[in-house]
Each structure stands twice: as C-alpha cells, then as structure tokens.
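Colleague: here are the coordinates; sequence isn't available:
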C-alpha cells in the first residue's frame, strides 16, 4: 500500500484521479494490515507531511496517517514513541530543521491521535523538558505561536513546579525578543495573532498555577527596566498587561515605587517602555497601569523621574491620538501627564503645535466616536490654556479651531487641576481597583460603582430591601431564560449570598440601562426606577401572551407554592426558555401586584354638578412641593398655576405621564420656593395631601362640560382606590430654570415619618354624569377648598374645629357623603437620598430598613400612635416605642454600614445638599384584613427567604470559589515579598481606600471608576 501511495504522489495523474485513489487507500485502512505495512505507511506519510513538495502532498500525508493511526492504534503507538519525538525536537527530520514549525504541527497532530493511549504520558514528559529548552533558545514568533497552540491543547506538556516558573519567565523573555519588520497589513495581523497566542498561553498558566504569576511579573519588570543600550525590548510585552489581575495594581505599584533597590534610571526606563506599549493595538489596561505608576511615583515624591519621562514621551503619547484603536487609552495618559505637570508649561507647549491638526482630523474622519472624543480633548486643552495663560501667540489659532465647542466652566477647570496635581496624589493609586476587604459587619453586600452608576446602585438596594418583592423574585423558576427578570434574580442572589464585600453589577447595568442614558454619566434614579419596573412588567406581559398562545408550554411558577426545593424536572428545564409568568386570577404581573395601585380622577362641573371619572394605574406618585404661602381667601380661585401637582405614574398598563389637554400644570419652576422659617418643615404626608387635594379648573384652564356644551369652572379631584403593596413616592425636587436652562434643586427639608396612613376610597362604578346629591365626589360648598388650603399648612391646623378619629383599618363614610374611605397603614422601607444641587451632578445613596425576623413581617400598626384625619395623610410616632426606628442600613455604593432612623430624619439638617428623593413604604396588613387583593391576599408574602435554585446556587458557588482564589493569590503575593528583591511587590498595607464612585452623605467621592479626570463634573 505504501508503494502505491508513493508512486501516486509522484505520478503525473490529475488531482481528481489522485484524490480518488487516495480515498481507496484511506478506506483500506479498515481492513487487516500487517505491522510491517503499517510502519511503512507511517514512515511514508510522515515524510510527506514534513518534506512534501506542496500542500497537496502534505494533505495526503495527514489524511492517510490519521486513517491508519485510528484503525491500527497499537502499531502507531509503537511508531510514534518518545524516542522518535525526542529525535524530532532535537535533530529535526532529514533536511528539515528542528526549529521548523512543521515539526510542532506534526507532533500536535500525532498527539491528538494518541491521546487515549498510555504511552502518551511518556511523550508528555519528553515534551515538558524539550519545550523549556526551546523557549530558552528564543524561538521566532511563528514557532512560539505553534508551540503555544500545542501546549494550550495539551496542558500536560507544560512544565510543572520550579520548571513551570522558569518556563514562564523564559517565555516572557522570549516575547521581549519578538520584532516585526513587515509593512503589509496581512503580515502585521499575523504577527499580532502570533503574539496573542503566546500571551494567552501565559494567561492560562497563571490561572492554573498562581505561583507562576509573580515571578513572571518580576521578569517583565527586569526586562523593561534594563539599562543595557544594546537591548530594546519588544512592545509585544504589552500583550501581557491585559492578563494581569487588575486588583494587583495597588500592590505592585506601591512595591515598585517604594523599593529602595530599584534605581531611578531603571524606573525611568521601565516607565518609558510602558508608555511605548500604548502603541500595541490589542492591549487593554495599559493606560491604567501607566497612570497608576505615575501616581505612585508622585506619591513618593519622585518628581525627577516624572519630569524626565513627561518631557521625553509627551509627544509620542500625543501622536497615538491619531490612531482610533489606541486613542482612548492614549488620551487618558496624556490628560494625566499634562494636568499633573503644573509647575511649567514646557510639556504642554511641546504638543501645542499639533493640536489644530488633530482637531481638524477629528472633525473630518467620519468615525462615530470622534465627536465625543473631540469634546474630551478640547476640554483638556481648555484646562491647559487656563493653567498656562499669557501665551496668546500660541493659543489664538487653537481657540479659533475650537470656538464652536463647549468650554468647561471655570469651577470645573479649577477642580480638575486641583485633583490632578502631583502634590495631591496619595498612596491610593488605583481607588477603583484595589483589593476588596471582607464584608462589613452588617453582613450586607455593596454594589461597585461602575462609573457614575450610583443612581442604579441605590435603586437596586432599595428593591432588594423590599422583602416581599425580593423573596418573590428569588422564588421564580427562571432556569435557562435570559430575561431581565432572570438577571435581576441573579443579582439579588449575589447580594444575598456572595462572600464579596461589593458586587459589580456589570451585566445588569448593560441589560437595564435605558437606551438614552449615556454610559459614565450621572442619571436620574427615579427615571431609571420607572424604566426598570416598566421593562419588567412588559416582559412578563409578553411572556404571558406567549404562554396563552402555547398552553402546552410550562409556565413560570412560584417555587414557594409548588417547588420548595428549587429543583426542576428535565422537561421543565428544556422548555424554560419560553416560560412566562403564571397568570394570576386578575391577570396582573408581579410589578403590578407589588407596586401597582389605582387612582380615580374625577372632574365635577360646578355649573351642573356633572361628574366625569377616569381610573388610572400607577406604580409611583410624584409629589410636587406646595407653595410656601397659600392665602386662604384665594382658595376658591386657586388655579393650576398655583398648584403644580403632577401625577407621574410610569407606563404600566398604559398609564400616561403626560397630562391631558386642558389640564396642564404650571411649569415645575413654580415650586422652587424659599420656605418660611417660622413654620415647621413640610412632611411627606403634607405632600401626599397636596397631591390628592382638589384643584379648581378656571379661566384659561377651564373644563369643557359635555352636558353644558361649554367651558365651565370645575373641580378636579384625585382619589386612591387601590393601595399598592409597596408605595413609591418621588419628591419632585428638580425645577426647571428657564433663564439658565438647567434643572435646579429644591433643597427644602421634608420630614419623613416611619409610619403613615394613606386614604383609600372604595371604588364605585364610573359615571359620566350624575346629580349632585348622588355623586360620591360632590363637594358641599366652595368652603371645602378653603379648608384644604389650611390643611396644607400643618402648623395651622385647627384641631378644635375638626374631629380626630382613630381608624384601625375600618371603613367609614365621611360627613360630606363621599365614597367610603379606608385608612391604610404604611411603614417606611427605604429612602433614596440625592446629594448635590442639580440633577446633572451629585451622588445617590440609600437607607434601608433591615428586617431581621424570620417571617419578614414589619411591626404591626398598633405599635404606633396615630393622629389621623379622615381622607388625609397624617402620622406621628413615639421614638421611645417605635421599633421600626431601629435596624437601619446605609447603602453607599460599595460601603454598607449600620445607621439609625434618626440619621435618616436629620440628614438634611446636617448636610443641606443631601435630601430625600425617592421613598418606599410597605403596606401593613392588619389582623383579619386583606386590602385590595394584594400580595397577602394572593399568598405572595413569603414567610422566609426561599431556597436557592440549583442554577443560582451554582453561579454563586463558582463566584465564591473565584473570590477565594483571588484571596489566596493576594496571600501568595504577600508571602513572596522580599525586601532585597529588585521588584518585591509588597502589598498595600491599607484596606481603607475608598471604593469607586461612592461618597459619604456629604456628597464627596468620585464615580468615574477610572483615572481620566476629564469630563468628570458629576461624581
């Protein structure tokens, strides 16, 4: 057979004929063949593979070798033995050099054919020794890449223990010898791909053998800090940076900058070469490491190195801005170098001649990212020209080129410059990337600020502290789905069970961020909350429709009722990707059953007493601030311009945030007022009363009465007819300033009661028109509006004129003959605070009530002393007896600490810019009553935390193991430090660095999560 094959490949037959004969030879492999024939075929195919004249001969060799090796495994095992492999690696094959990549490819192919044979273990041992010898010979990139592919597929061939450490060090040094002199794009791509394969192999080794990481990094530093003029390390070393755990930045940089054995000349060389790495196209985190090292040197006051490196490399860094693939990292480094170099304009003036050309290029290159990049770049230039004014001859042409672009405010420029100076640097080199400490004493998990994401973090923690909602989400059977609810369930599971002090919700941010929210910018947490609840609601509705269309598909069920173990059958898991929320008797979604309520808006014509009603759902009530002074004598003529009451209820079940035509309210700017100092501050019940207060529609806002067929003076009322399980209240603190075109903040303090009662009216059949005697919305006389005006001033209540009634959940008909009113008690669950003076800046954090009881129930209503007026919201609580005032937590991004309810109430007094923004109250069920068919009525209030389902449990276990490995790696880093080493990597002795983006109640801190201080107005 081997003679036939050999004659065939050397014949003049056409390719199709040769392929047909080869096919017959391959099919003959299934038949019995003598060992001598097998050995002859193996020898021939090896020669064809390694010495074939063309690709066709090599292909034939691989086909025949694979076929006969598969059917005659013992014979092939005797042919491809350890001695043959050793000969190939040390001597090559015939005239083929041992360093030829074809040798590695051939061995790789044969190992795949022998993987299940015992003799392969001996071959692995031979290869372990030989690959270490090969990397010490500094192979070319193509051979090193082939070798890396072999080792990645057969990890058993990688040297172990001490040899493994040495192998990694030598492989690092081999990369430093890589060079590419090609000019063609194809050749450059091949070179980059080869380097990537080698760096990926090192990454895999570091993951499986953590003990090899630090010696490898020591070798990297030894290479780049070398002052030997004859040796210029390759920038291909930049490919390793992305594989170094970012949490080690603080440890490594402090060790390098404080190690007395590292000479200044070596440090200068190392820093310059790291800056050169910015040119590597696929490297990530190079800018982070460069900036961290610059900050570290500033912290130890090694200013000579910083000055030398800045002046030497600033133009090179600027030149990288021309290349889109590396310009963002280059801009970060350029910004830090220029902004920190504040003792002289020398560095800035080196790049000034190139600014205009770059601006013109960015305007015309047509790339989608160029516009945003140009804005960042021009802000940097404005900062530098502000710092070094007095050079009009240099700056005039720059100002002309950027005159139509936004100029940052002077306050912002000063802030950026103050934060960037070398003298302002501390040992907190990389605040967003330091090693996290263990969980706080609260046992709760924080959320990492991913760059101005405090708006999301505060809302997530608020929803997590809504016990019934959290437990129900965790009990849903969502295995295999990829819905937003599934991502929320996974996030809740991590918050409840991870061992990390703070969890980074990257996946949830990507899935839940509204499309119009810009990444890295501060956003409105109330807007985010409405969008999130609406998305969850619409998603469940869609799944319900799918389920109703396909009744055979298993529906999404609550494991609290029929799956207490969290396990699912194979059939259920197979169909889980189409699961929908289990339809409830009323067809409501989880969001509706948890946060949904209903309002009835009634409009009564004051001419004919005809009443029009409209029922609308809501998920939150947006509460406007009532004017500071409401003249009581003007209550009858009070118009919409004096009463900026707004209902913003989200879009659940078609709810609209836009007022109806003819009912438009006054601009929000009307609510920006200065409170009267001799009156007590407003309370949340006051704002709810103001929201529910009747409104006179008159003059330009008159009501068109269908019965009268004309515009008439009318009265509009709002009544809650269905109370939500969780009542979300948003205080409308941001008022639009028409002069400055910004949303200013109303800083008035608002008292937050721990318990309040909401008047809920029994719904009645809507009627377009009814008589004044039968209408439940009838008002006796205009005096009722005057009484309302007095009611809006809590300090001017005349308790002698009104009857004070204690209602413990009992329906009562008020004396005006209106619809029955039931007083529903609510207890405070969470408060989201906004720190700042405008909606475009500041910081969000939240307070949450920690429920320690196993059943999760809040304190019963009879623990409170209530003073209540029928149809209005009132609450008082005795601080000595109210147990709901204890067990409060403060969630401030990564930090979670114990606090008290007194802190919640007094925060604005202590920090005037910190004000309550979003509040969440939980409805209290009284004995024997189920209100409005809520969660309690539907059996939705779970008595305890549900058991974790297997998919969630597996994810948490996997992440907790990874966390332990990270902790072990940190421990190894500390154990391997050596004061005499040139790069000892001593750990940072402080664990108190502030987490990224979080700030204290006073509103300090930074949420950028990076080192670029440009465009960081918000924090």
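Modeller: On my side now, so go ahead. What you see is a predicted model; the values in this text were computed from it and never measured.
Colleague: what stretches of the stretch 401-550 of the chain score poorly on pLDDT?
Modeller: Where the stretch 401-550 of the chain drops to pLDDT under 70, the residues are 422-439, 550.
Colleague: Run a quick neighbour tally on residue 482.
Modeller: For residue 482, the neighbour count with other Cβ atoms under 10 Å is 9. Bear in mind the C-beta positions are built from the backbone N, C-alpha and C, glycine included.
Colleague: how about the helix or strand harbouring residue 510: buried residues?
Modeller: Following DSSP states H and E, one finds residue 510 within helix 506-512. Residues 508, 509, 511, 512 are the ones in helix 506-512 that count as buried (16 or more other Cβ atoms under 10 Å).
Colleague: Residue 841: which of the residues you listed is nearest?
Modeller: residue 509 (20.0 Å; Cβ to Cβ).
Colleague: Now do the same contact list for that closest one.
Modeller: By Cβ atoms under 8 Å, 6 or more residues apart in numbering, the contact list for residue 509 reads 450, 453, 456.
Colleague: Please repeat the previous calculation with a cut-off of 10 Å.
Modeller: 447, 450, 451, 453, 456, 457, 460, 487, 491, 517, 519 (Cβ atoms under 10 Å, 6 or more residues apart in numbering).
Colleague: Not counting sequence-adjacent ones, nearest residue to the first one?
Modeller: Right, the one you point to is residue 447. Nearest residue to residue 447, sequence neighbours excluded (Cβ to Cβ, 6 or more residues apart in numbering): residue 457, at 4.0 Å.
Colleague: Please, which helix or strand holds the one you found?
Modeller: Applying DSSP H and E, one finds residue 457 within helix 454-464.
Colleague: Check residue 121 too.
Modeller: According to DSSP H and E, residue 121 maps onto helix 120-136.
Colleague: And that helix, what's buried?
Modeller: By 16+ other Cβ under 10 Å, the buried positions in helix 120-136 come out as 120, 123, 124, 126, 127, 128, 130, 131, 132, 134, 135.
Colleague: Pick out the lowest-pLDDT one from those residues.
Modeller: Among the buried residues of helix 120-136, residue 120 has the lowest pLDDT, at 85.
Colleague: residue contacts, the nearest residue to that one once chain neighbours are set aside?
Modeller: The shortest distance from residue 120 to any residue other than its chain neighbours is 4.7 Å, reached at residue 114 (Cβ to Cβ, 6+ apart). Residues counted as contacts of residue 114 (Cβ under 10 Å, 6+ apart) are 69, 73, 76, 77, 80, 81, 120, 123.
Colleague: Which of those are buried, as a ChimeraX select command?
Modeller: With 16+ other Cβ under 10 Å as the criterion, this ChimeraX line picks the buried residues out of those:
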select :69,76,77,80,81,120,123
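Colleague: Let me know the closest of the contacts of residue 114 to residue 178.
Modeller: Nearest member of these to residue 178, counting by Cβ to Cβ, is residue 123, at 28.3 Å.
Colleague: So the closest one sits against residue 86, correct?
Modeller: Yes - Residue 123 is within contact range of residue 86, at 9.0 Å (criterion: Cβ atoms under 10 Å).
Colleague: Pull up the overlap in contacts between those two.
Modeller: If you check residue 123 and residue 86 against Cβ under 10 Å, 6+ apart, no residue is contacted by both.
Colleague: Burial check on residue 912, number of neighbours?
Modeller: Neighbours of residue 912 under the rule other Cβ under 10 Å: 12.
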